[in-house]
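**Q** For reference, the sequence and a predicted model appear below.
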Amino acid sequence: MRLSVFGMGYVGNVSAACFASDGHIVIGVDPNQTKVDLINQAKSPIVEPGLAELMEEAVASKRLSATTDAREAVERTQLSLVCVGTPSQQNGNLDLKYLEKVCEEIGAVLKNKAEFHIVVIRSTMLPGTIRGTVIPILEKASGKRAGVDFGVCNNPEFLREGSAVRDFREPPKTVIGESDPKSGDALASLYGHLDAPLIRTEIEVAEMVKYADNAWHAVKVTFGNEIGLISKKLGIDSHKVMDIFCQDTKLNISPYYLRPGFAFGGSCLPKDLRAITYKARELDLPVHMLNAVLPSNVWQVQAGVDMVLAKGKRKVGVLGFSFKANTDDLRESPLVEVIERLLGKGVDLKLYDKNVSLARLTGANRDYIMKTIPHISNLMVDSVQEVIDHAEVLVIGNGDPAFRRVPEMMREGQILVDFVRVMNEKSEKGRYDGVAW
């Protein structure tokens with residue numbers, strides 16, 4: 001393909017050189033004449049292992065060149081990759097002035113270009129930026145429609161400084177958010193030779209993935225450091241601790257616990273977090289992230305309560321209120337807290353949980369149920385159908401497989417509030433609402 005790369009900074013240089021080495025014809029575009037001259041002299045403007053050799057070979061073979069002329073670059077190429085910087089403003093928001101300027105330049109050229117052109121955003125930007133800023137600027141400048149007269153894609157980069165060329169060649173994944181299948185097909189063809197998952201999705205999902213990745217990386221670093229601080233104070237080798245921690249790829253280094261949903265509970269997580277943060281305070285250690293976990297969990301409980309109350313209905317049914325499916329354990333169940341708060345607001349409740357019903361009769365938790373929450377026990381009924389018959393709003397509180405049939409059992413006008421994503425769909429106004437989707 002014929003590609004133009006706007007913004008010859010870190011991402012732009014690596015992308016341009018790697019695509020050129022794959023055999024594509026690449027034109028780099030940058031307003032900085034010094035950068036342009038260096039590239040045309042086969043010299044890398046940045047220091048990155050392996051980049052200088054790639055650039056030298058690509059320029060020598062006439063597959064890579066650079067210019068300050070945006071019009072020439074767009075007219076001569078089929079696809080433009082936008083890699084300009086989106087630096088932080090003082091308030092933490094992104095400064096989009098470079099992005100906006102490039103989009104205006106590209107759009108002005110597209111106005112008179114007959115060939116279908118694809119604009120691919122590689123710059124990191126907050127979800128909604130492409131539909132809220134990029135596409136409107138391109139459409140206004142070109143007088144054309146995105147997804148019809150020209151294509152728009154988001155293609156976030158996952159390049160680490162110091163290993164960017166290797167990361168380009170061996171990515172953990174390739175993500176494409178597309179305005180239309182034709183544009184997605186063309187962009188996907190650039191990556192077809194790579195041995196990595198290629199995911200095509202909505203533009204907003206692709207934008208958000210980059211932030212999920214980087215936030216998670218920051219959380220991992222901070223978590224490791226806070227465990228290290230506590231371990232050092234206690235005379236424990238933190239590297240031995242984390243080496244063992246990382247050997248658990250079933251729960252620790254895995255997708256487990258990473259699906260958005262409701263608050264955690266049970267006998268272990270709250271108790272152990274309280275204990276380790278107490279020990280940190282005793283050692284005068286400011287473990288800010290660990291200290292923030294329980295307050296965040298409390299907020300998630302209130303978010304669930306607010307979601308139910310916002311429906312404006314008095315009759316509510318809760319299906320499943322042990323802290324997770326297939327257990328009768330109510331200790332620190334966030335669903336019990338939701339029920340208590342709804343009762344405090346005068347809500348007319350009926351509850352069903354087959355495991356808790358059994359425990360009320362014979363289980364080890366019988367004393368807890370009868371002595372600590374007898375008022376909740378009195379609200380329990382014997383079947384899912386009784387809850388459905390009663391409720392104007394249904395709340396699915398845990399992942400009991402039996403609850404998957406609830407949507408088809410609902411009558412007209414009932415609302416489902418789902419804490420566990422029993423339905424694999426987005427929120428539907430007036431009928432279905434997910435706690436985090």
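**A** Happy to help now that I have it. Numbers count the residues shown, from 1 in each chain.
**Q** can you map out the helices along the stretch 101-250 of the chain?
**A** Applying DSSP state H, counting those that start in this stretch to the stretch 101-250 of the chain gives helices spanning 129, 135-142, 164-169, 181-191, 203-233, 238-246.
**Q** Residue 15: which of these is closest?
**A** Ranking the helices of the stretch 101-250 of the chain by proximity to residue 15 (C-beta to C-beta) places helix 164-169 first, at 7.2 Å. No exception for glycine: its C-beta is placed from N, CA and C like everyone else's.
**Q** for that closest one, packing partners?
**A** In terms of contacts (3 or more C-beta pairs under 8 Å, 6 or more residues apart in numbering; DSSP states H and E), helix 164-169 is packed against helix 10-21, helix 51-60.
**Q** roughly how far is the next helix or strand after the last one from the heart of the chain?
**A** To tie it back to what came earlier, the one meant is helix 51-60. If you walk from helix 51-60 toward the C-terminus, the next helix or strand you reach (DSSP states H and E) is strand 64-67. Mean C-alpha position of strand 64-67 versus that of the full chain (C-alpha atoms, centre = their mean, to the nearest Å) differs by 35 Å.
**Q** May I have the strands that pair with strand 64-67, each with its orientation?
**A** Next to strand 64-67 in the sheet, as set by DSSP bridges, lie strand 25-29 (parallel).
**Q** for the strand it pairs with, the distance to its chain's centre please.
**A** Centre to centre, stretch against its chain (C-alpha atoms, centre = their mean), the figure for strand 25-29 is 31 Å.
**Q** Against which helices or strands is the following helix or strand past it packed?
**A** Counting by DSSP H and E, the next helix or strand C-terminal to strand 25-29 is helix 33-40. The contact analysis (3+ C-beta pairs under 8 Å, 6+ apart) places helix 33-40 against helix 51-60, strand 64-67.
**Q** care to break this protein down by domain?
**A** 2-201, 205-258, 299-434 (automatic domain parsing).
**Q** Quick check: end-to-end length of the shortest one?
**A** Distances were taken as C-alpha to C-alpha, to the nearest Å; on that basis the terminal residues of domain 205-258 are 16 Å apart.
**Q** Turn the helices and strands packed on helix 164-169 into TSV, including mean neighbour count.
**A** Output for the helices and strands packed on helix 164-169, formatted as TSV (neighbours: other C-beta atoms under 10 Å):
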stretch	mean neighbour count
helix 10-21	25
helix 51-60	18
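**Q** Out of the ones you listed, which is closest to residue 282?
**A** Of the helices and strands packed on helix 164-169, nearest to residue 282 by C-beta to C-beta is helix 10-21, at 44.0 Å.
**Q** Kindly export that closest one (C-alpha atoms) in PDB.
**A** Below are the C-alpha coordinates for helix 10-21, written out as PDB (Å, rounded to 0.1, in the frame of the first residue of the first chain):
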ATOM      1  CA  TYR A  10       8.300   8.200  18.500                       C
ATOM      2  CA  VAL A  11       5.300   6.300  17.200                       C
ATOM      3  CA  GLY A  12       5.400   7.900  13.700                       C
ATOM      4  CA  ASN A  13       9.100   7.000  13.100                       C
ATOM      5  CA  VAL A  14       8.800   3.400  14.300                       C
ATOM      6  CA  SER A  15       5.500   2.900  12.400                       C
ATOM      7  CA  ALA A  16       6.900   4.400   9.200                       C
ATOM      8  CA  ALA A  17      10.200   2.500   9.200                       C
ATOM      9  CA  CYS A  18       8.500  -0.800  10.000                       C
ATOM     10  CA  PHE A  19       5.800  -0.500   7.400                       C
ATOM     11  CA  ALA A  20       8.400   0.500   4.800                       C
ATOM     12  CA  SER A  21      10.500  -2.500   5.700                       C
END
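**Q** mind listing the strands for the stretch 301-437 of the chain?
**A** Secondary structure of the stretch 301-437 of the chain (DSSP state E, counting those that start in this stretch): strands located at 315-319, 348-352, 393-396, 415-418, 432-434.
**Q** tell me the pLDDT at the spatially closest residue to residue 242 that is not a sequence neighbour?
**A** Using C-beta to C-beta, 6 or more residues apart in numbering and skipping residues adjacent in sequence, the residue nearest residue 242 is residue 224, 6.0 Å away. With respect to pLDDT, residue 224 has a value of 98.
**Q** In this structure residue 224 contacts residue 239, no?
**A** No: applying C-beta atoms under 8 Å as the test, residue 224 and residue 239 come out as separate, 9.6 Å apart.
**Q** Give the residue from the two that has the larger number of neighbours.
**A** The neighbour comparison of residue 224 against residue 239 (other C-beta atoms under 10 Å) goes to residue 224, with 16 against 11.
**Q** Turn the strands of the stretch 301-437 of the chain into JSON lines, columns for mean neighbour count.
**A** As requested, these are exported to JSON lines (neighbours: other C-beta under 10 Å):
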{"stretch": "strand 315-319", "mean neighbour count": "24"}
{"stretch": "strand 348-352", "mean neighbour count": "21"}
{"stretch": "strand 393-396", "mean neighbour count": "26"}
{"stretch": "strand 415-418", "mean neighbour count": "22"}
{"stretch": "strand 432-434", "mean neighbour count": "20"}
